[in-house]
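Chemist: sequence isn't available, so here's the structure alone:
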DNA sequence: TATTGTTATACTCTATAACTATA
DNA sequence: TATAGTTATAGAGTATAACAATA
């Protein structure tokens, strides 16, 4: 290993962090940790179904199937399947978009909203505990910088993705 | 929505960010973006196989199968399968650990190391570009805080996971 | 007897293709 | 003719169970 960090401008830090972030993400979404949180939700839900509920809760408003798919970075039919299951469990409702008869708006029922609420409360409790010793200033600063990172990176990656698209003239 | 952010101590920020981080992670590991980066690697690799190569490169030393599995947050047999494929492609080598005849040390060949190098260079290039306008101070600060977040959270989640373990006396 | 890894198998998650209805 | 969603099917990714070898 001779010239590892030639001329990176601070991203060497991210280079090590990125895999670990991914690892953290996996730890939260697989295995016993997920089981604990989903148990707190009080409703039998698998990962993708819960992901739909969380997506709806984060949005704070009813979403179309296509919107859910985009936010989850998955494809339409997958969302349809999950929504079918959630609807059967009485956790979401499907209403026809009054503005476009083709589209369906998906919204959580009170039961569904309560379930995702309990799930997220558990997960955020873990964060609270892990950051308990941090000075307020660092927490604020991390939130600010991380927010900007997500914004800038999302925009940039979306642009790359767009450029890469099979050119259709 | 009446009392959304009752008494969180700054984690309200993370509450919104967590799903978006997950979304970013997905964007990088699915769809066209991944295809672009893997193409830069110059070797036909699927996601889990590439994940093994990246894990080895981040570690900077040969790893045992179990170590790879832990870092990838997957289970042993899954790693064995990927290593089998990578070995067939001549991208990793398996050597018996001299200290323990049961264990195998997996190390990238020069070809494997070069492939993961090209892949990661592409991805980090995206980061470089996205953060190009950031003041040096913010980049440094983000690296510092994010590093601590990952450390503290990893430790805390590992502890929770351990506690939750089916008690075996 | 416990640990490291492998093989064989089953299951979960997500994508693609073909179709329906509305625009 | 294009868009939103659904249904049916196929594939990728990961886990569980049973086993072999070494400690």
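Modeler: Sure, I can see it. Small disclaimer: the values here were computed from a predicted structure and weren't measured.

Chemist: only C-alpha atoms from now on, for both contacts and neighbour counts.
Modeler: Will do.

Chemist: can you give me the strands for chain A?
Modeler: Taking DSSP state E, the strands of chain A run over residues A:63-64, A:92-96, A:104-108.

Chemist: turn those into CSV, including mean pLDDT, distance to residue B:128 and mean neighbour count.
Modeler: CSV is the format used below for the strands of chain A (pLDDT from 0 to 100; distance: least, Cα to Cα, whole Å; neighbours: other Cα atoms under 10 Å in any protein chain shown):
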stretch, mean pLDDT, distance to residue B:128, mean neighbour count
strand A:63-64, 98, 33, 19
strand A:92-96, 98, 41, 18
strand A:104-108, 98, 38, 22
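
Chemist: dump the ones you listed to TSV, plus distance to residue B:84.
Modeler: Putting these into TSV (distance: least, Cα to Cα, whole Å) gives the following:
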stretch	distance to residue B:84
strand A:63-64	43
strand A:92-96	44
strand A:104-108	44
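
Chemist: and the least confident helix or strand in chain A by mean pLDDT with helix B:11-29, angle?
Modeler: Least confident helix or strand, chain A: helix A:11-29 with a mean of 83, by mean pLDDT, DSSP states H and E. Here helix A:11-29 runs at an angle of 100 degrees relative to helix B:11-29 (axes from the mean of the first three to the mean of the last three Cα atoms, to 10 degrees).

Chemist: tell me the buried residues in helix A:11-29?
Modeler: Of the residues in helix A:11-29, those buried by neighbour count under the rule 16 or more other Cα atoms under 10 Å in any protein chain shown are A:11-15, A:17-29.

Chemist: same for chain B: which of these are within range?
Modeler: A:11, A:13-15, A:17, A:19-27 (Cα under 8 Å from any Cα of the partner chain).

Chemist: what's the longest helix along chain A packed up against?
Modeler: As assigned by DSSP state H, the longest helix anywhere in chain A is helix A:136-164. Applying 3 or more Cα pairs under 8 Å, 6 or more residues apart in numbering or on different chains; DSSP states H and E, one finds that helix A:136-164 contacts helix B:11-29, helix B:31-41, helix B:110-130, helix B:136-164.

Chemist: next, see if it gets close to DNA strand C.
Modeler: No: under the criterion of Cα under 7 Å from any atom of the strand, helix A:136-164 makes no contact with DNA strand C; the nearest approach is 14.1 Å.

Chemist: that helix: which residues count as buried?
Modeler: Under 16+ other Cα under 10 Å, the buried positions of helix A:136-164 are A:139-143, A:145-147, A:149-150, A:152-154, A:156-157, A:161.

Chemist: which of these scores worst on pLDDT?
Modeler: Within the set of those, pLDDT is lowest for residue A:161 (85).

Chemist: picking up where we left off before, how far is the least confident helix or strand of chain A from where the chain is centred?
Modeler: 15 Å (Cα atoms, centre = their mean, to the nearest Å).

Chemist: quick one: contacts of that helix?
Modeler: A:5, A:33-34, A:47, B:22, B:25, B:55, B:58, B:71-73, B:124, B:127-128, B:139, B:143, B:146-147, B:150, B:154 (Cα atoms under 8 Å, 6 or more residues apart in numbering or on different chains).

Chemist: do the same with stretch A:39-48
Modeler: The contact list for stretch A:39-48 (Cα under 8 Å, 6+ apart) reads A:29, A:38, A:82, A:114-119, A:122.

Chemist: kind regards, and thank you for your time.
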